[in-house]
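J.: what's the 3D shape of this:
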Amino acid sequence: MRKAKIYKPSKTAMQSGKGNTKNWLLKFDTLDTGINPLMGWETSKDTMSEVKLEFSTKEEALNYAKRNNIDYYIVEPQKSKIIKKSYTDNFLK
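T.: Numbers count the residues shown, from 1 in each chain. The predicted structure follows:
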């Protein structure tokens, strides 16, 4: 049976804002990976690994997976720790 990961994407290092991090994603795991003999890249004949389904809540993603008999695992988002600093802290040490 296919396994899917349900997660909330984190912001990339190239972003300063939290765009594209509000929705939950259901993404299928890649099966049968191999090395392309021509280019040397990692490749797969599994087209389901390219499917990403977007949901507004975690419960919607869970209900979809249960309705369609998809084995799934959940990766909970980590809370970011905000440390408030002052500009003068750079010069006080």
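J.: and the helices in the protein?
T.: Counting by DSSP state H, the chain has helices at residues 58-67.
J.: show me the shaky parts of it.
T.: For the chain, applying pLDDT under 70 flags the ranges 1, 15, 93.
J.: strands of that one, start to end?
T.: 3-7, 24-28, 33-35, 42-44, 52-55, 71-75 (DSSP state E).
J.: contacts for the third one, please.
T.: When contacts are defined by C-beta atoms under 8 Å, 6 or more residues apart in numbering, strand 33-35 is touched by residues 41-44. C-betas here are computed from N, CA, C, even on glycine.
J.: and it, which strands flank it?
T.: If you go by DSSP bridges, strand 33-35 pairs up with strand 42-44 (antiparallel).
J.: try the second one
T.: The partner list of strand 24-28 in its sheet, established with DSSP bridges, is strand 3-7 (antiparallel), strand 52-55 (antiparallel).
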